[in-house]
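[1] for reference, the sequence and a predicted model appear below.
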Amino acid sequence: MNKNLPAQKMRVSFDLDEVLFVSPKTHKTEPPPPFPFNRLFVERLRLGAPDLIRQLQALGYEVWVYTSSYRTEKYIKGLFRLYGVRFDGIVNATRHLKEVQRDNKTILPQKMPNRYRISLHIDDEMVICTSARQYGFHAYHLDAEDDDWKDKIIARANEIKRMEESAH
């Protein structure tokens, strides 16, 4: 590693549906945005999501969204801005198809965080999490309601960061 270059920040990414966006029927959620924004942004954020994202950024991590949905970057940025959150990067289905899948004849997984130098991806889909090692990234499986989810994700990010630093 070149000592003259600044250290690369470790990247953590989150899926949207069932991870950051959850149903109030099954999960505790953040209060909805005020009117009229609650009409434009109908998704509800998992309780603690904005706080976790800001915490990770304060700890020196870049925080990204990596979703297989076609929601626009503008929409995602607009919704999270209402909660005081700014992402370091956003990959939606459109960007993934353009930059990752491209004209590949082989169908690639719907998410390949390693292509964006993302070290840890948080997802609810077991297929993404189980294929993580094969595709060169770490995953954290988050689906059910879990009051300790934020602490567990920070601990996992710190663990991966230590592994990456000791490998250099």
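    That came through fine. Numbers count the residues shown, from 1 in each chain.
[2] could you give the bridge partners of His138?
    Beta-bridge pairing of His138 under DSSP bridges involves Leu120.
[3] just checking, it touches Ala132?
    Yes - counting by CB atoms under 8 Å, a contact exists between His138 and Ala132, whose distance comes to 5.9 Å. C-beta here means a position set from N, CA and C on the backbone, and glycine is covered the same way.
[4] give me the common contacts of the two.
    Shared contacts of His138 and Ala132, defined by CB atoms under 8 Å, 6 or more residues apart in numbering, are found at His121.
[5] ranking helices and strands of the chain by mean pLDDT, which lands last?
    The element with the least model confidence among the helices and strands of the chain, by mean pLDDT, DSSP states H and E, is helix 126-130, at a mean of 90.
[6] which non-adjacent residue is nearest His27?
    The spatial neighbour of His27 that comes closest, neighbours along the chain excluded (CB to CB, 6 or more residues apart in numbering), is Glu145 at 5.2 Å.
[7] what sits against that neighbour?
    With contact taken as CB under 8 Å, 6+ apart, Glu145 is in contact with 26-28.
[8] now do Lys77
    Residues near Lys77 by CB under 8 Å, 6+ apart: 86-87, 90.
[9] and if you look at Asp143?
    Going by CB under 8 Å, 6+ apart, Asp143 touches 18, 124.
[10] which SS state does it fall under?
    Under DSSP: H, G, I helix; E, B strand; the rest coil, the three-state class of Asp143 is coil.
[11] pLDDT weak spots in the protein?
    Residues of the chain that meet the criterion pLDDT under 70 lie in 1-7, 107-109, 168.
[12] at 80 instead, please
    Low-confidence segments of the chain, defined by pLDDT under 80: 1-8, 102-110, 143, 168.
[13] can you tell me which helix or strand Asp51 belongs to?
    Taking DSSP states H and E as the definition, one finds Asp51 inside helix 49-58.
[14] remind me what that helix packs against, helices and strands.
    With contacts defined as 3 or more CB pairs under 8 Å, 6 or more residues apart in numbering; DSSP states H and E, the secondary structure elements packing on helix 49-58 are strand 62-66, helix 149-167.
[15] Met10 is nearest to which of those?
    Of all the helices and strands packed on helix 49-58, it is helix 149-167 that lies closest to Met10, at 5.0 Å by CB to CB.
[16] which residues are in contact with the closest one?
    If you take CB under 8 Å, 6+ apart as the criterion, helix 149-167 is touched by 10, 12, 46, 48, 51-52, 55-56, 59, 61, 119-120, 122, 138, 140, 142, 146.
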